[in-house]
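[1] just coords:
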Ligand SMILES: Cc1cc2nc3c(=O)[nH]c(=O)nc-3n(C[C@H](O)[C@H](O)[C@H](O)COP(=O)(O)OP(=O)(O)OC[C@H]3O[C@@H](n4cnc5c(N)ncnc54)[C@H](O)[C@@H]3O)c2cc1C
């Protein structure tokens, strides 16, 4: 009997996660990736000045990301992730508060850390405590607009800006006035209230380009996963009328490539970003309401400012900024810092030079020194993630589709998670579950939450 095969379009984390689930279960997996590298949005570029791999944008994971952790363990790359037990919060007056767990059960483990935040008054902290308690009591599926909910639950401008906004803008890549309650709840309950380890940030010790590139090759090779880079898919092929006529079960029979070639396959897993999906589908499939709703997803950008100084600005490895333009400073050592601005829509009209100027001026105020700026690069990913607006799940399809041999994955599919590496990996595992179920081999692959 020949092994079942699967064509995975897209070599980001969703596609790779599906490959790691299906290859050991006897599937012949082929990954078709349009770029010359794997990892998708979690990627690096080569710094022209030094030739070093530099992450397009710093990526962090958290302890509550159980599927991402499982994916890294499967591939043997988990030792490249470094847990950060302390977070530092800094205000423009240069004062810094530590955020670290106490050895108490959740949710009390972070009570003292919140109480110590110098940028919140005692009443603010009581308001926040009350808001968190109420948030935990809401239904996990309710998704009204968050801002009116915060107002209705005693939050004021300061707690919204300096607490809810700080956490949510980084975690959801969207501002408080635009997000829905559902994913805001998820961030606080899963990340901060549910389990002592949920909030522990994990930082990769090596560039993403290496983590999701060279470090995976041996595993993929040993599981006979064929990876074709520089292999852009132009469209999915329908049924018998196309050649090669491979097992067309009334659905898809493979893909056509941008270079004009075709690859036959009796199952296709499409894992491209949400704004590319409809263009790849045959028109008769794309118009079906199941797929057409994807067009309602809207993007949110992230800007990352890379700065190389002639010395380190701060001894801290990373700092969350409060009341600043930059939101998170990552100190990568040797004078190289990356400042991340999530939900960076307001920067769009400013141009790169202005953004760089403002961020550099901010860093100089926060870390006064004679450090000389050697060079800089501003990178904006305009379609970084989908925007977690109220009710967004109505636009996110599940991984099994009405087309019998077409499956979907990607951080934008129905995962119960916002657009994150965890969401992407979950989607890959859910797609693998759907494929196994369609083949009469149901198996649960998604890992449970922290218990
Ligand atoms: C700037 C930025 C910062 C982020 N920070 C974080 C963070 O700190 N923590 C976190 O958890 N998440 C973060 N994310 C989100 C995270 O990167 C994504 O959620 C995750 O990588 C999405 O994986 P994916 O596989 O769903 O999609 P993608 O990574 O987009 O993968 C899709 C793949 O499909 C390929 N492709 C597209 N079209 C074709 C085609 N026609 N043929 C073949 N291949 C094609 C693409 O090249 C890509 O490799 C960030 C994202 C960005 C952009």
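    Sure thing, it's come through. All figures in this text were calculated on a predicted structure; none of them were measured in a lab.

[2] Give me the neighbour count for residue 232.
    16 (other CB atoms under 10 Å). Quick note: C-beta positions are derived from backbone N, CA and C, even for glycine.

[3] Near the ligand, which residues of the chain are found?
    Within the chain, the positions lying close to the ligand (CB under 6 Å from any ligand atom) are 9-15, 32-35, 40-42, 57, 59-61, 232-233, 271-273, 276, 280, 302, 304, 381, 384-385, 410-411, 419-424.

[4] Separate out the buried members of those.
    9-15, 32-34, 40-42, 57, 59-61, 232-233, 271-273, 276, 280, 302, 304, 381, 384-385, 410-411, 419-424 (16 or more other CB atoms under 10 Å).

[5] Just the residues you listed: which are in helices?
    Per DSSP state H, helices hold the following members of these: 13-15, 276, 280, 421-424.

[6] How many residues are close by the residue nearest to residue 223 when sequence neighbours are not counted?
    Spatial nearest neighbour of residue 223, chain neighbours left out: residue 23 (3.9 Å); criterion: CB to CB, 6 or more residues apart in numbering. Neighbours of residue 23 under the rule other CB under 10 Å: 21.

[7] Check residue 23 and give its pLDDT.
    The model reports residue 23 with a pLDDT of 98.

[8] Now do the contacts for it.
    By CB atoms under 8 Å, 6 or more residues apart in numbering, the residues touching residue 23 are 29, 220, 223-225.

[9] Let's verify it: helix, strand, or coil?
    Following DSSP: H, G, I helix; E, B strand; the rest coil, the label given to residue 23 is helix.

[10] if I look at it, how far off is the ligand?
    17 Å (CB to the nearest ligand atom, to the nearest Å).

[11] And the contacts of the host helix or strand of residue 375?
    Element membership of residue 375, judged by DSSP states H and E, is strand 373-386. Residues outside strand 373-386 that contact it (CB under 8 Å, 6+ apart) are 41, 49, 56-57, 173-174, 273-275, 297-310, 335, 342, 344, 347-348, 352, 355-356, 360, 392, 396, 411-412, 418-420.

[12] Poorly predicted segments of the stretch 1-150 of the chain, please.
    1 (pLDDT under 70).

[13] Can you show me the helices along it?
    In the stretch 1-150 of the chain, the helices defined using DSSP state H, counting those that start in this stretch lie at 13-22, 66-75, 111-115, 122-137, 146-152.

[14] Spatially, which two of the ones in helices among the buried ones among the residues of the chain next to the ligand are the most separated?
    Spatially, the most separated pair among these is 280 and 422, at 25.0 Å (CB to CB).

[15] Would you enumerate the residues in contact with the residue lying closest to residue 154 once chain neighbours are set aside?
    Leaving aside its chain neighbours, residue 154 sits nearest to residue 127 (5.2 Å; criterion: CB to CB, 6+ apart). When contacts are counted by CB under 8 Å, 6+ apart, residue 127 touches 154-156, 159.

[16] From those, list just the buried residues.
    155, 159.

[17] can I get the contacts of residue 127 in a markdown table with secondary structure and distance to residue 330?
    Output for those, formatted as a markdown table (DSSP: H, G, I helix; E, B strand; the rest coil; distance: CB to CB, whole Å):
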| residue | secondary structure | distance to residue 330 |
| --- | --- | --- |
| 154 | coil | 34 |
| 155 | coil | 29 |
| 156 | coil | 30 |
| 159 | helix | 26 |
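
[18] just the contacts of residue 127 now: which is nearest the ligand?
    residue 159 (24.2 Å; CB to the nearest ligand atom).

[19] Which parts of the stretch 301-450 of the chain are helices?
    Under DSSP H, counting those that start in this stretch, the stretch 301-450 of the chain gives helices at 352-366, 421-438.

[20] Number of residues surrounding the closest residue to residue 195 other than its chain neighbours?
    Leaving aside its sequence neighbours, residue 195 sits nearest to residue 450 (CB to CB, 6+ apart; 3.9 Å). Neighbourhood size, residue 450 [other CB under 10 Å]: 16.

[21] can you pull the contacts of residue 450?
    Contacts of residue 450 by CB under 8 Å, 6+ apart are 63-64, 66, 190, 194-195, 197-198.

[22] Neighbour count added to those, as JSON lines?
    What follows is the contacts of residue 450, written out as JSON lines (neighbours: other CB atoms under 10 Å):
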{"residue": "63", "neighbour count": "18"}
{"residue": "64", "neighbour count": "23"}
{"residue": "66", "neighbour count": "20"}
{"residue": "190", "neighbour count": "22"}
{"residue": "194", "neighbour count": "19"}
{"residue": "195", "neighbour count": "21"}
{"residue": "197", "neighbour count": "15"}
{"residue": "198", "neighbour count": "25"}
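
[23] Using TSV, lay out those together with distance to residue 434.
    Output for the contacts of residue 450, formatted as TSV (distance: CB to CB, whole Å):
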residue	distance to residue 434
63	28
64	24
66	20
190	24
194	27
195	28
197	30
198	28
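
[24] what's the closest of those to residue 101?
    Closest to residue 101, out of all of the contacts of residue 450 and judged by CB to CB, is residue 197, at 8.3 Å.
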